[in-house]
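Trainee: Provided below for reference: sequence and predicted model.
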Amino acid sequence: MVLIYGKGTTGQSVTRFMERNETPHILRDDEDFSEDDLEKVSLIVISPGIPFYHNIYRLARKKGIEIIGDIEYAYRLYRGKIFAITGTDGKSTTTYILGELLKKENPFVGGNYGQPFINAVLNKNPVAVLELSSFQIYATQTFRPNTGVLLNVSVDHLDWHKRESHYLLSKYKMFKRMGRENTAILNLDQEIIHRVKIQADRYYFSMERLPRNLEGIYHCGQFLIYKIKNKTGKIDITDFKLEGVHNIQNLMAASLAAMIHGVSPEEIEEVIPNLKPLPYRIQPVGEVKGVRFYNDSKSTTIQSVEKAVASFKDSGVILIIGGIYKGGDFSVLLKYPNIKKIIIYGRDRQVLKQMLEDRKDIVLLKETLEDSVKEAYRQAEKGDVVLFSPGCSSFDMFKNYRERGEVFNKLVESIGK
């Protein structure tokens, strides 16, 4: 008997798969779970949102029952090639780009982004492009992708992981399992990534020229310059529409993975003009009397806020942040000269305000997102950007970042009327 623990999208997808394959199972998510309930259970498949310190882990260890996540469960059944993308920021966009670059192969694109991985088993896709969170990687035992991409690492989700070391170990877990027959794509510009001992064949992406002894891809003006298996060349990115340095990094990582897989530079250049920003990731919403509005509701870390602000270095920025504080030092925002005002809303607005005390003159507090958007428009001048990049979780006022993003878009629309 398999216990599927968690009734969200992942749990329901695994349930449907087991029903289709007539696998004995039960689906539960109640808190008052006892040892007796595990009497006939031989395997537990747990949803990614269930933290490692939950009682179900303790009971499983006590009873000697294997407990794995849906990624591990699907991996044991999947027979195609796997690209796994992780990192603190940029996972969804890189997953989307790589999916587009591999479109001719009918890839499955999902994991933490889109559909649960088990659907790739059902559909028998020959290639799977997976976005993986630290939660999902933590609940794997043998998962080892053909190609693993580590975009960046900064401390996040300490409400779940409790310790920085636990979060970092979860991110590195799958790379430590990879062998020489696998490929690892790494961010050369982030020193912390070099500490990981990886046996896989390694390639790097960078905003600076690569050292001669390394293979990979780097950014130079309107081109990406690559060196792969001693072949060199360039990719024209003049028509790349996604804003910001971080999106160039995402494009480099995806392009590198695609080329190693056999996609030509010419094919990549054909796809680039058609790439669009994902919803709520520095998404252009509209313009009102010369003021441009951008929706970055997906932003839940200070690092993502910094990347968003840096995307508009040539414009004055009215920045809206706030929600439930997850950690990080928001005082780093004071080093950006393009920020004209910072408007803070939500439950932990006083916490964020204290970190910005050195520049009280540019900080405004508002209780709601609606008040913040109205105030941002009042403060903006023609040519400015109103950037909604909360840097916090949404759960004080919204179900998730999507609902938060939808509300922001509607508020902007109301200004234009």
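Mentor: On my side now, so go ahead. Numbers count the residues shown, from 1 in each chain.

Trainee: So which residues of this protein form helices?
Mentor: Counting by DSSP state H, the chain has helices at residues 9-20, 55-63, 70-75, 91-101, 118-123, 134-138, 158-161, 164-177, 245-261, 265-271, 302-310, 349-355, 369-379, 401-415.

Trainee: between those helices, which one is nearest to residue 316?
Mentor: helix 369-379 (9.7 Å; C-beta to C-beta). For every residue, glycine as well, the C-beta is placed using N, CA and C.

Trainee: So which other helices or strands are in contact with the closest one?
Mentor: strand 317-322, strand 339-345, strand 385-388, helix 401-415 (3 or more C-beta pairs under 8 Å, 6 or more residues apart in numbering; DSSP states H and E).

Trainee: what angle do it and strand 339-345 make?
Mentor: Computed by axes from the mean of the first three to the mean of the last three C-alpha atoms, to 10 degrees, the angle separating helix 369-379 from strand 339-345 equals 160 degrees.

Trainee: Report the inter-axis angle for helix 369-379 versus strand 317-322.
Mentor: Using the same axes, to 10 degrees, helix 369-379 lies at 170 degrees relative to strand 317-322.

Trainee: Quick one: residues in contact with helix 369-379.
Mentor: 288, 291, 318, 320, 322, 340-341, 343-346, 364, 366, 386, 388, 397, 404, 407-408, 411-412, 415 (C-beta atoms under 8 Å, 6 or more residues apart in numbering).

Trainee: related to what we said a few turns ago, mean neighbour count, distance to residue 236 and mean pLDDT for the helices of the chain - can I get that in CSV?
Mentor: Conversion of those to CSV gives the following (neighbours: other C-beta atoms under 10 Å; distance: least, C-beta to C-beta, whole Å; pLDDT from 0 to 100):
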stretch, mean neighbour count, distance to residue 236, mean pLDDT
helix 9-20, 18, 39, 95
helix 55-63, 15, 50, 90
helix 70-75, 26, 36, 97
helix 91-101, 25, 15, 96
helix 118-123, 20, 32, 96
helix 134-138, 23, 35, 86
helix 158-161, 17, 41, 44
helix 164-177, 18, 31, 72
helix 245-261, 24, 12, 96
helix 265-271, 16, 6, 98
helix 302-310, 23, 23, 93
helix 349-355, 17, 41, 97
helix 369-379, 20, 36, 97
helix 401-415, 18, 32, 96
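
Trainee: Can you add distance to residue 328 and give the ones you listed back as CSV?
Mentor: Shown next, in CSV, are these (distance: least, C-beta to C-beta, whole Å):
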stretch, distance to residue 328
helix 9-20, 28
helix 55-63, 27
helix 70-75, 27
helix 91-101, 18
helix 118-123, 34
helix 134-138, 16
helix 158-161, 10
helix 164-177, 12
helix 245-261, 16
helix 265-271, 34
helix 302-310, 4
helix 349-355, 9
helix 369-379, 20
helix 401-415, 17
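
Trainee: right, so of those, which gets closest to residue 204?
Mentor: helix 245-261 (8.3 Å).

Trainee: quick check: angle from the closest one to helix 91-101?
Mentor: Using the same axes, to 10 degrees: helix 245-261 against helix 91-101 is 40 degrees.

Trainee: ok, residues contacting stretch 199-212?
Mentor: Contact with stretch 199-212 is made by 148, 175, 178-189, 214-220, 225, 227-228, 245, 248-249, 252-253, 256, 260, as judged by C-beta under 8 Å, 6+ apart.

Trainee: ok, 7 Å please
Mentor: Here stretch 199-212 makes contact (C-beta atoms under 7 Å, 6 or more residues apart in numbering) with 178-180, 182-189, 214-219, 227, 245, 249, 252-253, 256, 260.

Trainee: Between its first and last residues, what's the separation in that stretch?
Mentor: In stretch 199-212, first residue to last residue: 20 Å (C-alpha to C-alpha, to the nearest Å).

Trainee: Next: stretch 117-134.
Mentor: End-to-end for stretch 117-134, by C-alpha to C-alpha: 15 Å.

Trainee: so residue 324 makes contact with residue 395?
Mentor: Yes: here residue 324 reaches residue 395: they are 5.7 Å apart, a contact under C-beta atoms under 7 Å.

Trainee: Name the residue in the two with the higher neighbour count.
Mentor: Each of residue 324 and residue 395 has its neighbours counted (other C-beta atoms under 10 Å); residue 324 has more, 17 against 13.

Trainee: Show me what the more buried one is bridged to.
Mentor: residue 393 (DSSP bridges).

Trainee: list the contacts for it?
Mentor: 347, 348, 392, 393, 395, 396.

Trainee: and if you look at residue 106?
Mentor: Residue 106 neighbours (C-beta under 7 Å, 6+ apart): 125, 126.

Trainee: sorry, back to before: let's have the helices and strands packed on helix 369-379 in TSV, adding distance to residue 268.
Mentor: Shown next, in TSV, are the helices and strands packed on helix 369-379 (distance: least, C-beta to C-beta, whole Å):
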stretch	distance to residue 268
strand 317-322	31
strand 339-345	34
strand 385-388	29
helix 401-415	29
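
Trainee: ok, back up a step: now render the contacts of residue 324 as CSV, adding distance to residue 143 and pLDDT.
Mentor: Listed next are the contacts of residue 324 as CSV, based on distance: C-beta to C-beta, whole Å; pLDDT from 0 to 100:
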residue, distance to residue 143, pLDDT
347, 36, 96
348, 35, 96
392, 30, 95
393, 27, 94
395, 29, 94
396, 34, 95
